[in-house]
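Peer 1: From the sequence below, what's the structure:
(2 chains)
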Amino acid sequence: MIQFNQFTLTNGLKVIVHEDDSTPLVTINTLYKVGTRDEDPNKTGFAHLFEHLMFGGSKHIENFDTPLEFAGGENNAFTTNDITNYYITLPVSNLETALWLESDRMLSLDFSQDNLDNQKQVVIEEFKETCINQPYGDLWHHLSALAYKVHSYQWPTIGKDISHIETANLDDVKQFYSRYYVPNNAVIVIAGGVQTKDVENLVHKWFGDIPAGQQVLRNIPQEPKQSEARFLEVIADVPVSCFYKTYAMCRRQDKEYYATDILSDILGSGDSSRLFQKLVKENKLCSAVNCFVTGSLDAGLFIIDTKLNEGVHYSDVERVIQSEIDKLIKDGIGTRELQKVKNQIESYSEYNDLDILNRATNLAFYEYMGNVDLINDELKSFMEISEEQIQEQARSLFVKEQSCTLFYKSSQQNHAEEIK
Amino acid sequence: MLKKLNRNIAPLVEMIDNIMFQYPEQQSYHDIETYVFNIGTNAYSLIQFIFPAGKIHSTKKLVADLTADMLLSGTSNKTSYEIAELLDFYGASIESHCNEDETTVRVYCLSRHLELVLDLVKEILFDAVFPEEEATIILSKWKQKQQINFQKTEYVATRLFKNILFGNVHSYGNLVEQEDFDKVSTVDVKEFYQQHYVHAKYKVVTAGCAPDKMNALLQKFTSDNASLRQSQIAPFVAALPNSTKIHSVEMPNVVQSSIVIGREMFNMHHQDYMDFYVLNSLLGGYFGSRLMSNLREDKGYTYGVHSTIYTRLYTGVFEISTEVNKENTQAAIDEIKIELLRLRMELVEEEELQIVKNYIIGHTLRGIDGPIKTSKLFKTLLVHDLNFNFSKEFENSVRKVSAQRLNELANQYLKEEDLYQVVVG
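Peer 2: Numbers count the residues shown, from 1 in each chain, chains lettered A, B, ... in the order given. So this is what the prediction gives:
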């Protein structure tokens, strides 16, 4: 059971405090409700670029990292489809240093052309390092664009194209900041060896005078129901062919999420899963299989990801996947198999909770989802799923017309080049 | 009503003046050393087994790796599927890491399933059968993975760098090639297993489960060991570094180059290790380091640049590594050299030194936050025959080290002519 207290400042900043006196550290997790889905189709990659800019100093603090390191702290951030999340961990005696830093960049980020130019360059290098210089680096560009035709999930977090980052200007940046980086669009979680009373005073002191922004109204065009199966073949200079299958699924906050997530575990999570046994062990068609759900706040994807063995045609893999899906729909699953997946989920959840940063990040995300109590209640929702619900979910999820198939084909003949 | 805040003034920083390292309870059951931590809630457990079964323990390439990877591939009584199904059913997971110097097998599970899981673990660790068919699947997967890695500049560069420092014969320097995947046999694996698992003096580090219960389980676990012998490492040859210091490999169709610069160094037992760790942090060991400030924050050449000191049982490696846009390769190398030279020519300012010291103290605290991190750190120390006394000494030496001392170390160890350089791209 994770205990927490919460309060809201008059400017709308939501604050959650989780006391854990077993640690001499404190984590400050600040979630801004802005992610890839909020981007303009002509300015993609912006949420992530902005994440970089948040480290460029603020009006009263020239450099973000140096004072934090001086206080024994470490920090980082990540951007997803839905959120931009910043976290700091430092000795609890220096909590105020973190609040000073975090509040100043919420109040008044320092926009300079130099900092923007430099961080654009860093992000462009990141784009090259992760998407161009890596085999399969453009996979998510293809897969997202295949599965989403309307919704802004159609491009990955890093952005659709480097040119969007290259052309970002100061005006864009300022506008983005004043729209999304406001206290009423943020959740801050403070977790560790702290007392709520002390935290409350410090948060009021440093965040209390930050003016609220306009309410963020989202009007993201939602993906219409897909009516025809889609297929794409990509040929690339990679040594191994890959085969992907996606099915349109519900949102993270929908009740169908639990059964859908369990289905992904049954099919392809772990060595005893159905597809691993069939494709890797029995038929030796693949070297790796993985199933997962995207769990996004707008409608997500159920993804089957496989790496093909040499000489294997993807249609054979597709046939096995289809026959396993048919079997699930027709015969459902056994009691032990469902219990197995539930045990895995419980174990993973306990493990995850050992880390204070995970607890802090999850509290912030559940708050954004609309119910912070889920941090304690969600496991129960998984445990209550029945065999019938799983079968029912399989029936409504695995619909051919709502699937996408991506064959990422290797152009190399037999083996990769040897490098001496 | 709030007073007007002066945001220009930083809040006072108070550094912790004494890190509390919590020691495990040490026992010896049937000749096996066990270390049991009692930290945090007891609901979830991590058990780490350290076997003298690293790459240095085998004369043949991939044998140690394959043995570690095949532990879950079947026992006299169970198929790989039955093992996987049971582990998944208990929500447990087992990972084996074959490192240069040892193999660590980690078991994660809910404490309430621990007893049943340990029965299975015992079977896996001492009664594995290594079916040929399973070996074939794993090897073909690895071979494929290496083909993919050969297209990554970073992989090619770090691999070549190791080889240049140690030579082809040395255990730390000899490289796995594509044809090696076809040469490993399960006969070698079975022999290695007998010697380095079944009859080996392994060590156990645990955290999570209540100590009374844990100790009882460990006593039972070790009660019917086979006869134990001291494990031998393969004959150790001296490093044979390459006579050329500068190497480059051209790769077509890549947009970035990987740069690795460094040298053979020393391990945690060396008298200069602790102070050099501070010097390394200053140079490239944290976000605010000189290399990161220069190459990333100032020039925008790279997404990241790091310097590290890796410690091995018999030596250590100092390594600076980064990925940069191809056109900036030479400029980046020049800047790295300038930063190395600055460390030798100028004393670091007190303020910067204090930042790096505080950062390392904070980092050390984060490294022992909670049962999992604490026991993992302890395991690393144990492989080197060290314990938290080392960490305490490290903490004290970080607090003490002077700018003068760092400058001396830079002049002793970071001379340009002593460093090797690899560029791939």
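Peer 1: Strands along chain A, start to end?
Peer 2: Counting by DSSP state E, chain A has strands at residues A:5-8, A:14-19, A:25-32, A:74-79, A:84-91, A:186-192, A:230-236, A:242-248, A:286-293, A:301-308, A:403-410.
Peer 1: Buried deepest among those strands, which one?
Peer 2: With neighbours taken as mean count of other C-beta atoms under 10 Å in any protein chain shown, these reach their highest mean count in strand A:186-192, at a mean of 27. Every C-beta, even on glycine, is put in place using the N, C-alpha and C of the backbone.
Peer 1: got the strands of chain A as a markdown table, with mean pLDDT columns?
Peer 2: Output for the strands of chain A, formatted as a markdown table (pLDDT from 0 to 100):
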| stretch | mean pLDDT |
| --- | --- |
| strand A:5-8 | 98 |
| strand A:14-19 | 98 |
| strand A:25-32 | 98 |
| strand A:74-79 | 96 |
| strand A:84-91 | 97 |
| strand A:186-192 | 98 |
| strand A:230-236 | 95 |
| strand A:242-248 | 97 |
| strand A:286-293 | 95 |
| strand A:301-308 | 96 |
| strand A:403-410 | 95 |
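Peer 1: tally of neighbours for the residue in the stretch 101-250 of chain B positioned nearest to chain A?
Peer 2: Of all residues in the stretch 101-250 of chain B, residue B:147 sits closest to chain A, at 3.7 Å by C-beta to the nearest C-beta. Using other C-beta atoms under 10 Å in any protein chain shown, residue B:147 is surrounded by 22 other residues.
Peer 1: how about the helices in the stretch 251-400 of chain A?
Peer 2: Remark: helices assigned in the stretch 251-400 of chain A by DSSP state H, counting those that start in this stretch are A:256-268, A:274-275, A:314-331, A:335-353, A:356-369, A:374-383, A:387-397.
Peer 1: Between the ones you listed, which one is closest to residue A:215.
Peer 2: helix A:356-369 (15.0 Å; C-beta to C-beta).
Peer 1: Excluding chain neighbours, what is closest to the closest residue to chain A within the stretch 151-300 of chain B?
Peer 2: For the stretch 151-300 of chain B, the residue closest to chain A is residue B:300, as judged by C-beta to the nearest C-beta, at 3.1 Å. Nearest residue to residue B:300, sequence neighbours excluded (C-beta to C-beta, 6 or more residues apart in numbering or on different chains): residue A:121, at 3.1 Å.
Peer 1: wait, does stretch B:154-173 contact chain A?
Peer 2: Yes: for stretch B:154-173, a contact with chain A is found by C-beta under 8 Å from any C-beta of the partner chain, at residue B:156.
Peer 1: Residue A:393 touches residue A:261, doesn't it?
Peer 2: No: between residue A:393 and residue A:261 there is no contact under C-beta atoms under 8 Å: 9.7 Å.
Peer 1: now chain B, which segments are flagged as low pLDDT?
Peer 2: B:1-3, B:235 (pLDDT under 70).
Peer 1: Could you break chain A into its assigned domains?
Peer 2: A:5-207, A:230-410 (automatic domain parsing).
Peer 1: mind putting those domains in JSON lines, distance to residue A:219 included?
Peer 2: Shown next, in JSON lines, are those (distance: least, C-beta to C-beta, whole Å):
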{"stretch": "domain A:5-207", "distance to residue A:219": "10"}
{"stretch": "domain A:230-410", "distance to residue A:219": "12"}
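Peer 1: closest to residue B:289 out of those domains?
Peer 2: domain A:5-207 (9.5 Å).
Peer 1: Just the terminal-to-terminal distance for that closest one.
Peer 2: Terminal residues of domain A:5-207 are spaced 18 Å apart (C-alpha to C-alpha, to the nearest Å).
Peer 1: Please compute how far it lies from its chain's middle.
Peer 2: The chain centroid and the centroid of domain A:5-207 are separated by 14 Å under C-alpha atoms, centre = their mean, to the nearest Å.
Peer 1: What separation do you get for the residue of the stretch 251-400 of chain A found nearest chain B and residue B:43?
Peer 2: Nearest residue of the stretch 251-400 of chain A to chain B (C-beta to the nearest C-beta) works out as residue A:347 at 3.0 Å. Plainly put, residue A:347 is 10 Å away from residue B:43 if you go by C-beta to C-beta, to the nearest Å.
Peer 1: Look up the residues that both of those two are in contact with.
Peer 2: Jointly contacting residue A:347 and residue B:43 under the rule C-beta atoms under 8 Å, 6 or more residues apart in numbering or on different chains are residue B:110.
Peer 1: Looking at the two, which is more packed in?
Peer 2: Neighbours were counted for residue A:347 and for residue B:43 using other C-beta under 10 Å; residue A:347 has more, 21 against 15.
Peer 1: Going by neighbour count, which residues of the least confident helix or strand in chain A by mean pLDDT are buried?
Peer 2: Ranked by mean pLDDT, DSSP states H and E, the weakest helix or strand in chain A is helix A:113-127, scoring a mean of 89. Under the neighbour-count criterion of 16 or more other C-beta atoms under 10 Å in any protein chain shown, helix A:113-127 has A:115, A:116, A:118, A:119, A:120, A:121, A:122, A:123, A:124, A:125, A:126, A:127 buried.
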